[in-house]
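**Student:** Take a look and give me a structure for this.
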Amino acid sequence: MPTNVARRELVAQGVPDGAIEVLSPEVSGTIAEAEIAGEKAAERRWESLLIVTSAYHTRRALWTFENVLAEKGVEAEIGIVSPMTGQQTPPTLYWWLTWKGWRDVAGEYVKSAFYYFVFYRMHIPN
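**Tutor:** Model prediction:
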């Protein structure tokens, strides 16, 4: 979703425009996004952070942000929301009937396994 559209939607939902910050540089990947957010959160002493992502991506995104922010010593409350399924994400019951569903949802299972065995195990304190 383009930044200006996302900002307009957040403001329409009651988020003050001054409370919205688009992080840069633009990156690709959940870990890189969490790293940038963690740096900003630590620098600015954020008390809360709201992650907006696709419904099928919420579990891995939340876990990643929690771990990266904890590593940076950030104690902010982290929330996560997503649009209703069927808007920008495949429908819950029918995702497996479309190529996009397989790409997005099934791909998320593969990514989750990769993150668990590679990223999370490297970042979980003993």
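**Student:** now do the same end-to-end measure for stretch 23-37.
**Tutor:** Using Cα to Cα, to the nearest Å, one end of stretch 23-37 lies 7 Å from the other.
**Student:** so where's this protein uncertain?
**Tutor:** 1-3, 84-96, 120-126 (pLDDT under 70).
**Student:** Please enumerate the strands of it.
**Tutor:** Secondary structure of the chain (DSSP state E): strands at 48-52, 77-81.
**Student:** Which one of those lies nearest to residue 40?
**Tutor:** strand 48-52 (9.0 Å; Cβ to Cβ). For every residue, glycine as well, the C-beta is placed using N, CA and C.
**Student:** Mind jotting down where the helices sit in this protein?
**Tutor:** For the chain, helices defined by DSSP state H occupy the ranges 3-12, 30-44, 58-71, 99-101, 107-114, 121-123.
**Student:** Can you lay out the ones you listed as JSON lines showing distance to residue 82 and mean neighbour count?
**Tutor:** Shown next, in JSON lines, are those (distance: least, Cβ to Cβ, whole Å; neighbours: other Cβ atoms under 10 Å):
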{"stretch": "helix 3-12", "distance to residue 82": "13", "mean neighbour count": "12"}
{"stretch": "helix 30-44", "distance to residue 82": "14", "mean neighbour count": "17"}
{"stretch": "helix 58-71", "distance to residue 82": "6", "mean neighbour count": "18"}
{"stretch": "helix 99-101", "distance to residue 82": "15", "mean neighbour count": "12"}
{"stretch": "helix 107-114", "distance to residue 82": "12", "mean neighbour count": "13"}
{"stretch": "helix 121-123", "distance to residue 82": "24", "mean neighbour count": "10"}
